[in-house]
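**Q** this is the structure alone, sequence omitted:
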């Protein structure tokens, strides 16, 4: 069994290949800083192609030791046979890359967050999971899977909820 001192960081986050102009600098900063507040100590981001501003932001985090940039591209002769820029390939590579660096490895897209609901951070969340299941141990647990929730960025045109209080509250808070 490994102790916490055997690892450089407790939690690392893997992000699949970034490409095109899908993300802005503010998206990266939000993603990194929210996850750092929750416990992430290292990020591995696979980069196929991004604009200069985003590349500069990623390199700044890399210089601080918080981010490992991995150049990434699927060979053109394989690109038509690989789903979504080979995302699965990158997400399989990352845990192996980090196996002696991080005790826990999370795989997340930039628009996803693992947010504990009854704990202030990931470390406490893991401790609480194992306190709730006394026969489990960190050493014998291979993975954790968390329920996801989706939050709309724009209000729907209509609501199935009767009474329109949903739409009224969206209007009140200028979400519509």
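**A** Thanks, I have it. Quick caveat, the model's predicted, so the values are computed rather than measured.
**Q** next, count neighbours for residue 32.
**A** Using other Cβ atoms under 10 Å as the criterion, residue 32 is surrounded by 21 other residues. For every residue, glycine as well, the C-beta is placed using N, CA and C.
**Q** my guess is it contacts residue 43. True?
**A** Yes. Distance between residue 32 and residue 43: 6.1 Å, which falls inside the contact criterion (Cβ atoms under 8 Å).
**Q** give the intersection of the neighbour lists for these two.
**A** Between them, residue 32 and residue 43 share the neighbouring residues 61, 66, 67, with contact defined by Cβ atoms under 8 Å, 6 or more residues apart in numbering.
**Q** among the residues you listed, name the buried ones.
**A** When burial is judged by neighbour count using 16 or more other Cβ atoms under 10 Å, the buried members of these are 61, 67.
**Q** the biggest strand by length in the chain: what's the following helix or strand?
**A** When the chain is parsed with DSSP state E, its longest strand is strand 9-18. Counting by DSSP states H and E, the element after strand 9-18 in chain order, helix or strand, is helix 25-38.
**Q** for that next one, buried residues please.
**A** Residues 25, 28, 31, 32, 35, 38 are the ones in helix 25-38 that count as buried (16+ other Cβ under 10 Å).
**Q** could you list every residue that touches the last one?
**A** This points to residue 38. Taking Cβ under 8 Å, 6+ apart as the contact definition, residue 38 lies against 11, 113, 114, 115, 116, 121, 122.
**Q** mind redoing it with 10 Å?
**A** For residue 38, the residues meeting the contact criterion (Cβ atoms under 10 Å, 6 or more residues apart in numbering) are 11, 13, 106, 113-116, 119-125.
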